[in-house]
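>>> below is the structure, and that's it, no one-letter string:
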């Protein structure tokens, strides 16, 4: 049984937003065995001792909105890539995410059971991967990326991709069952237009109430849940009334929608950094011209929507939604949120609240005994300065994944 003892560390507990006096944390067989202050337990020959020398230890970070498979925005080039090449590129990005401090990621469109298995078996280095398979899109919806001149009907849905097309209640049920058959931990449905999809409008409402309810029912039957891509109240309110548990983005929410999020105890995953980075890179990012016109519709309202949701007490979860060349800015979501949220709340969104969304409370996002030993050792106090997390090249000393020190 592998053992690790970290000494002289300040333990940051995100649930309470507190940082302890110098303490120790003991790890056994990939799990947190005990924590305490004062003299640490004796270390035998089979125990690795890591002297933190006054650094902070906190749970590994959780990014609840990633697309590992989307490593390029050049759709024409991607169309010629093989599934094997797509997967290798995705796993390379997974390792970079882990080295930024993200020990768990939730993929909401693209990653599959094979990628999750490869990471779990340590065939590749990367975070704990919670995947939802392919998102569901209606014809002409956010996940239908066919050129306007392509009249062919999608067949088989076997190629690795962000989404699959399903129209009508029966087709939605069949697609949902198929994704759950392949191990999806959640199901994503695309309920409004999006920035990256070239042919729809942000204000569009996608999928009928009956189709959404069918997806929710199938998720509940499989002891899973549905999360929804949606920006505006018409789409979000419909989703919440149908039983959707989580909303991605939500940049255009109003007070009534916030009240509905609270009433349903639902989760909101803002992804502000995606719009900032897309705007910063401009045309160099590879997105089509139509996407830039939609970008301003959502970018200008995102921070205000986050602030309103925070003040109201909505369950807020960390997400980045960065694609292709934008992935390196994954940590900068902290910087944006810190403009309207205290550091403790931002950290909580990437740890304990995210764990609750993933239904992994007590397993990740915490320093409680029994949890997976996914830990970060950082110089400085993230509660006082979030730059401790956003500048890993300066502050991140060690990433610990399942008790193994990288």
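It's in. A quick note: this is a predicted structure, and the numbers were derived from the prediction, not measured.
>>> from here on, contacts and neighbour counts on C-alpha atoms
Will do.
>>> can you tell me the element the residue most central in space within the chain falls in?
Nearest residue to the geometric centre of the chain (C-alpha atoms, centre = their mean): residue 64, 1.6 Å. According to DSSP states H and E, residue 64 maps onto strand 61-66.
>>> same question for residue 268.
According to DSSP H and E, residue 268 maps onto strand 267-269.
>>> neighbouring contacts of whatever helix or strand comes next after that strand?
With elements assigned by DSSP H and E, the helix or strand that comes after strand 267-269 is helix 272-281. Residues outside helix 272-281 that contact it (C-alpha atoms under 8 Å, 6 or more residues apart in numbering) are 249, 285, 292, 295, 298-299, 302-303, 320-323, 326, 329-330, 332-333, 336.
>>> mind listing what's buried in helix 272-281?
272-279 (16 or more other C-alpha atoms under 10 Å).
>>> quick one: the helices in the stretch 51-200 of the chain?
75-78, 83-100, 113-120, 169-181 (DSSP state H, counting those that start in this stretch).
>>> mean neighbour count, mean pLDDT and distance to residue 41 added to these, as TSV?
Listed next are those as TSV, based on neighbours: other C-alpha atoms under 10 Å; pLDDT from 0 to 100; distance: least, C-alpha to C-alpha, whole Å:
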stretch	mean neighbour count	mean pLDDT	distance to residue 41
helix 75-78	11	85	53
helix 83-100	18	97	29
helix 113-120	17	96	30
helix 169-181	19	98	44
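>>> for residue 42, which of those helices is the nearest?
Closest to residue 42 of the helices of the stretch 51-200 of the chain, according to C-alpha to C-alpha: helix 83-100, at 30.3 Å.
>>> where does the prediction get shaky in the chain?
The chain contains residues with pLDDT under 70 at 1, 147, 154-158, 282-287.
>>> mind naming the longest helix for it?
Using DSSP state H, we find that the single longest helix of the chain is helix 289-312.
>>> may I see the buried residues of that one?
Applying 16+ other C-alpha under 10 Å to helix 289-312 flags 291-292, 294-295, 297-299, 302-303, 305-306, 308-310 as buried.
>>> check the gap between residue 173 and residue 104 for me.
29 Å (C-alpha to C-alpha, to the nearest Å).
>>> oh, that last question was meant for residue 370, not what I typed.
Taking C-alpha to C-alpha as the measure, residue 370 falls 17 Å from residue 104.
>>> more neighbours: the two, which one.
residue 104 (27 against 17; other C-alpha atoms under 10 Å).
>>> mind listing what the more buried one touches?
Residue 104 touches 60-63, 127-130, counting by C-alpha under 8 Å, 6+ apart.
>>> ok, residue 31 next?
Contacts of residue 31 (C-alpha under 8 Å, 6+ apart): 369-373, 402-403.
>>> what do you get if the cut-off is 7 Å, keeping everything else the same?
Going by C-alpha atoms under 7 Å, 6 or more residues apart in numbering, residue 31 touches 370-373, 402-403.
>>> near residue 199, how many other residues are there?
Neighbours of residue 199 (other C-alpha under 10 Å): 18.
>>> hey, where'd the strands end up in the stretch 101-250 of the chain?
102-107, 128-131, 135-137, 163-165, 187-190, 226-230, 246-249 (DSSP state E, counting those that start in this stretch).
>>> can you put the ones you listed in a markdown table and add distance to residue 386?
Output for those, formatted as a markdown table (distance: least, C-alpha to C-alpha, whole Å):
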| stretch | distance to residue 386 |
| --- | --- |
| strand 102-107 | 15 |
| strand 128-131 | 23 |
| strand 135-137 | 32 |
| strand 163-165 | 34 |
| strand 187-190 | 30 |
| strand 226-230 | 28 |
| strand 246-249 | 22 |
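>>> okay, residue 149 and residue 199: tell me how far apart.
Taking C-alpha to C-alpha as the measure, residue 149 falls 12 Å from residue 199.
>>> revised request: answer the last question for residue 272.
Counting by C-alpha to C-alpha - residue 272 and residue 199 are separated by 22 Å.
>>> quick revisit: out of the helices of the stretch 51-200 of the chain, which is closest to residue 340?
helix 83-100 (23.3 Å).
>>> what angle separates the closest one from strand 61-66?
Following axes from the mean of the first three to the mean of the last three C-alpha atoms, to 10 degrees, one obtains 150 degrees for the angle between helix 83-100 and strand 61-66.
>>> specify the angle between helix 83-100 and strand 102-107 in degrees.
140 degrees.
>>> give me the contacts around helix 83-100.
Residues outside helix 83-100 that contact it (C-alpha under 7 Å, 6+ apart) are 68-69, 71, 124-127, 159-160, 392, 399.
>>> kindly report the same for stretch 310-329.
63-67, 70-73, 261-262, 266-271, 273-274, 277, 285, 330, 333, 349-350, 353-354.
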